[in-house]
Every structure is written in structure tokens, then in C-alpha cells.
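> structure, please.
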Amino acid sequence: MNSWKVLVADDDPNVREIIRLYFEKQHISMIEAQDGEEALELVEKEAPDIVILDVMMPKMDGFEACRQILKRFDIPVIMLTAKREEFDRVLGLELGADDYVTKPFSPRELVARIKAIFRRMQRRKFPGEPVAITFEGFSINTERREVLAGEERIVLRPKEFDLLTHLARSPGTVYTREQLLEQVWGYEFIGDIRTVDVHVKKLREKLLPYRSDCIHTVWGVGYKFEVQK
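From the prediction side, this is the model:
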């Protein structure tokens, strides 16, 4: 039985009710917020395991709520949006959201996305895999989930860390975007492959001052990890 606590912020009570009823069947505890400001307050007060934010909300929209939450808390975020424009999906991911679901959606799909995120969170250590991955002035500790450049810690979001670790475990191996979605995100390809591109972009920006040459684009295929000597 799950013991997860999920915060759902949506100004539509009907949407919240549909999600709540399905969560009950899955034994998922749900906290409700009507707007972004209330969501921010409840994250601090209730310490949920994951946050689901609707984009279009009064007082504080989902984008700003996502930005404010991730400034203060290391917590997975899923964005809900009724808009299908690429800009909205990409903006949420660039702000640090782990995933997005476009309305109208099935509660079953939403729960599948949540479960995929929790599987990644629980996958702290891979049996048979080295705890530390090291290369010239750089190290990844999979047990502590930290990346060091010399003695300096590079702060990464959970998904960014998972993506970097997955690539670094197999230097030189080329992964398609679809493979990375399935192997890192934890679900088979559903939706926009830009999810991978956005996370690679953010990861490169954070690594740039230390190692700008380790994640390479293989045009027409995907990405690979390779440190240039």
C-alpha cells in the first residue's frame, strides 16, 4: 500500500474531485490547493512527496508557483495544462518541473506519471553498479546523489541527476530521446521528446563552468556522454 502524500493545486474543484477519487483507489493521500499561493503555503506546512500544479490559476499561476517552490524545496513537480502549445510545456520543464500532463487527461495516466517519479526517487542505489563515477576533476556519487567538481558541489534537480548518471554510466553510448524517456523518466514514450532536450539544456548550463564538453549531441539520433581529453 502506498503512503505517498501528493499536493494537487487546481482552481477547478471538479478536477480536484476526479483526481481525489482516483487517488483514493490507489491509496494515495491528497492535499488540495485552489491557487498557487495556497500551494506554496501547503508545501511548507504539509511537506508533500510530490506537487501537481495547474498552469492557469488565480493569485499565482502554476509557472510562478513552480518557480517559488523549487527555489526553496527539492521536490518533484508535475504541471497540468489545458494548453497544447509547445511554449507552455517547455516553459514548465525549463523552470524545473519533472513532467507535464495536458488536459483533458485520464487520472490513470496521471497516477502512472506519479508512480514513475516515485520509482526513480526510490532507485537510490543500483545493485552491481559503482557508487562513484569519476572522470578528470569530476565525480558523481550515486549513493549520496551528489555531483562534485573538485570540492565544489553542483546542485542538480533529481531528474537532472538521474539523466547525468544514466549517460555517465555508459560513456560513448548513444541514446535516442525515446530511450532516455523510457530509461530515465521511467515510462514508455508518451508525448513530447522536447522533455529530454530541455533537461539536457538545463544540465549543460549547470555543468558549463566545470565541464562543458561531456554531454554531446549526436545529430539525428540523440545524446551521449564522453569526456574529451
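> which strand or helix spans residue 32?
strand 29-33 (DSSP states H and E).
> need the contact partners of whichever helix or strand comes after that strand.
Per DSSP H and E, the first helix or strand lying C-terminal to strand 29-33 is helix 36-46. For helix 36-46, the external contacting residues (CB atoms under 8 Å, 6 or more residues apart in numbering) are 5, 7, 9, 31, 33, 48, 51, 53, 57, 59-62, 64-65, 68-69, 72-73, 75. Where you see a C-beta, it was placed from the backbone N, CA and C, and this is true even at glycine.
> check stretch 51-67 too.
6-12, 15, 19, 34-40, 43, 68-69, 75-83, 88, 91-92, 95-97, 110, 114.
> may I have stretch 160-170 exported as CSV, CA atoms only?
The C-alpha atoms that make up stretch 160-170 are tabulated as CSV, following Å, rounded to 0.1, in the frame of the first residue of the first chain:
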residue,chain,number,x,y,z
GLU,A,160,18.9,16.2,-14.0
PHE,A,161,21.0,14.0,-11.7
ASP,A,162,19.3,10.8,-13.0
LEU,A,163,19.9,11.9,-16.6
LEU,A,164,23.6,12.7,-16.0
THR,A,165,24.2,9.5,-14.1
HIS,A,166,22.5,7.4,-16.7
LEU,A,167,24.6,8.9,-19.5
ALA,A,168,27.8,8.8,-17.5
ARG,A,169,27.4,5.1,-16.7
SER,A,170,28.0,4.2,-20.3
